[in-house]
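Novice: sequence first, then the predicted structure:
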2 protein chains.
Amino acid sequence: MSKPLKPEEAESTGANFLPGLAVDTVIFGFHLNQLTVLLLEYRNTGLLALPGGFIKNTENLNDAARRILAERTGLQDIYLEQFHVFGDLARHDPTPLRAIMQAKGFQPNDDHWLLSRFVSVGYYALVDFTKAIPIPDELSDSCGWYDLAALPPLMQDHTAIVRKALATLQVDLDRKLIGFNLLSETFTMADLQSLYETILGQPLHRSGFQRKILGLGIVERLEKQYSGGAHKAPYLYRFVPNK
Amino acid sequence: MSKPLKPEEAESTGANFLPGLAVDTVIFGFHLNQLTVLLLEYRNTGLLALPGGFIKNTENLNDAARRILAERTGLQDIYLEQFHVFGDLARHDPTPLRAIMQAKGFQPNDDHWLLSRFVSVGYYALVDFTKAIPIPDELSDSCGWYDLAALPPLMQDHTAIVRKALATLQVDLDRKLIGFNLLSETFTMADLQSLYETILGQPLHRSGFQRKILGLGIVERLEKQYSGGAHKAPYLYRFVPNK
DNA sequence: TTATTATTGTAACAATTTGATACAATAATA
DNA sequence: TATTATTGTATCAAATTGTTACAATAATAA
């Protein structure tokens, strides 16, 4: 998991949380031709990590994932998709977390609950990073979007988690697209094609792409048209509400 | 998870296991046109459950899943595929497990670790149930194959877990087929088609099916031929070793 | 030994889908 | 009013998939 930062967590016994279990979230951000991922930076350590946290004793796992994302990043109502559980012993590495805790003036014992082994449930999401602007809560670290094409080194096994999430997203894009709060309320076919090309990492043919998307039945054409370029105005589309 | 039965577990404190985390395995068995699932029966209670158990502090999650399957059912070297984590509060229902423990002469306190909430990681597999014959360990319950078309009521949320596993298997069949220890070492195209039809629940065209399978590149044709029917002998195939 | 039967392997062709190109339409700008 | 860039859609080719057909043949029956 992405190790917690909130002082009350760092100094608590973890008694309110399910022990040994964590959630890590991979939030992909898209805009124009850029794909980014949301990362937390631990001040005074230079360490980068995925937003993560723990599950309360009284909460559903899926609800915990949404809460954790909101607490760490300020992002509300993001539709998260579970994709993998990371449970190898080898991923247990308390060193970076101890550095973070020490940078915050806390000296944990070796048996501190935050330094123990965690199994982590991975969730991913996809948002328009110009529409979903993270506003860190008072107690959370700074967070921001980092270009996926130049991903910096991440804490623990978080780079592998990001890779696995991207592979899942690429395979599931057609089926999961509508669940994500993507693009604007309305968008052009070119917007959508640009999204696909960026996520899949390859160019697509315009005519075939339009046929494919309309064939999926997930968008509906609106009468009103966008204007703004020195060319024929494209139709606008939106995701069909009940699907 | 499928609650444990081994006396040492039932009377221990669970200190050797990751707390609050369990594994449930959905082992689909196929032969001829029948699809079955492997279930444990709790003697003296009539309760049926998926094989399940807990993760040791010193073992990888994936290894735990294989160990649990072997301990509960005697099945060795089954290739398991992680498919979902079940983490809702609503699935916490200590009643049937208490009944099982009492049927074994154990009176647990309400705060016994086995009666607490568990998050469960679901794994599935697919085997030939005439080749994979469960031989229960000395301490495990009886286990056997149950027809999926007439699935009896299962403990807790295990029916939903089976349904989710089947849906995943149907979607992933092409990609995961080769990992499973299926059919015999060699098999005919008709054997494979029968498998597909049974799992997908619909008939397929013979000619198109052959083209599709050969197109996947996961099987290779052998020179020797099967004989045994009053008709032209079919070629035998096997899954390509390194794929 | 030969005919019968039930499948198999593969060809053939139709139907459909996908890939690629072309071109008229048109909103903004020059 | 012409130019420009891009869109909507048509068209045709290529590839894939759906369907039918039929000769080949292993076991069995006659």
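Specialist: Perfect, I can see it now.
Novice: spell out which parts of chain A neighbour DNA strand C.
Specialist: A:205-208, A:211-212, A:215, A:225, A:227-233 (C-beta under 7 Å from any atom of the strand). Backbone N, C-alpha and C define where each C-beta goes, glycine included.
Novice: repeat that for 10 Å
Specialist: A:203-212, A:215, A:225-234 (C-beta under 10 Å from any atom of the strand).
Novice: for chain A, just list every one of the strands.
Specialist: A:17-31, A:34-42, A:47-49, A:52-56, A:81-86, A:119-128, A:142-147, A:219-225, A:235-239 (DSSP state E).
Novice: what is the neighbour count of the closest residue to A:Asp172 other than its chain neighbours?
Specialist: Leaving aside its chain neighbours, A:Asp172 sits nearest to A:Glu81 (7.4 Å; criterion: C-beta to C-beta, 6 or more residues apart in numbering or on different chains). The criterion is other C-beta atoms under 10 Å in any protein chain shown. On that basis, A:Glu81 has 20 neighbouring residues.
Novice: ok, A:Glu81 - contacts?
Specialist: With contacts defined as C-beta atoms under 8 Å, 6 or more residues apart in numbering or on different chains, the neighbours of A:Glu81 are A:Tyr123, A:Tyr124, A:Ala125, A:Thr168, A:Asp172, A:Lys176, A:Gly179.
Novice: between those, which is nearest A:Thr95?
Specialist: Distance from A:Thr95 was checked for each of the contacts of A:Glu81 by C-beta to C-beta. The minimum falls on A:Tyr123, at 25.1 Å.
Novice: who's that closest one bridged to?
Specialist: Beta-bridge partners recorded for A:Tyr123 (DSSP bridges): A:Thr25, A:Gln82.
Novice: show the pLDDT at it.
Specialist: Predicted confidence (pLDDT) at A:Tyr123: the value is 98.
Novice: wait, doesn't it sit right on A:Phe83?
Specialist: Yes: under the criterion of C-beta atoms under 8 Å, A:Tyr123 is in contact with A:Phe83, at a separation of 6.8 Å.
Novice: what about those two, which has more around it?
Specialist: A count of neighbours by other C-beta under 10 Å puts A:Tyr123 above the other of A:Tyr123 and A:Phe83, at 29 against 19.
Novice: test my guess that A:Pro153 contacts A:Leu48.
Specialist: Yes: with contacts defined as C-beta under 8 Å, A:Pro153 counts as touching A:Leu48 at a distance of 7.2 Å.
Novice: so the two - more neighbours on which side?
Specialist: Neighbour tally, A:Pro153 and A:Leu48, criterion other C-beta under 10 Å: the higher count belongs to A:Leu48, 20 against 9.
Novice: spatially nearest residue to the more buried one, not counting backbone neighbours?
Specialist: A:Leu39 (4.8 Å).
Novice: report the buried members of the residues of chain A next to DNA strand C.
Specialist: A:Phe209, A:Pro234 (16 or more other C-beta atoms under 10 Å in any protein chain shown).
Novice: grab the most central residue of chain A for me.
Specialist: Note on chain A: the residue nearest the mean C-alpha position is A:Ile27, at 1.2 Å, using C-alpha atoms, centre = their mean.
Novice: so how far is A:Thr73 from it?
Specialist: Distance from A:Ile27 to A:Thr73, counting by C-beta to C-beta, to the nearest Å: 7 Å.
Novice: which neighbours do those two share?
Specialist: Here A:Ile27 and A:Thr73 have A:Leu38, A:Pro51 as joint contacts, going by C-beta under 8 Å, 6+ apart.
Novice: surely A:Gly29 and A:Asp128 touch.
Specialist: Yes: judged on C-beta under 8 Å, A:Gly29 makes contact with A:Asp128 at a distance of 7.2 Å.
Novice: who has more neighbours, these two?
Specialist: For A:Gly29 against A:Asp128, the residue with the higher neighbour count under other C-beta under 10 Å is A:Gly29, and the figures read 24 against 17.
Novice: gap between the more buried one and A:Phe129?
Specialist: Taking C-beta to C-beta, one finds A:Gly29 at 3 Å from A:Phe129.
Novice: do A:Ser227 as well
Specialist: A:Ser227 sits 25 Å away from A:Phe129 when distances are taken as C-beta to C-beta.
Novice: what's the answer for A:Gln170, then?
Specialist: Taken as C-beta to C-beta, the spacing of A:Gln170 relative to A:Phe129 amounts to 18 Å.
Novice: so for these two, which residue has more residues nearby?
Specialist: When A:Gln170 is set against A:Phe129 and neighbours are counted by other C-beta under 10 Å, the residue ahead is A:Phe129, at 20 against 12.
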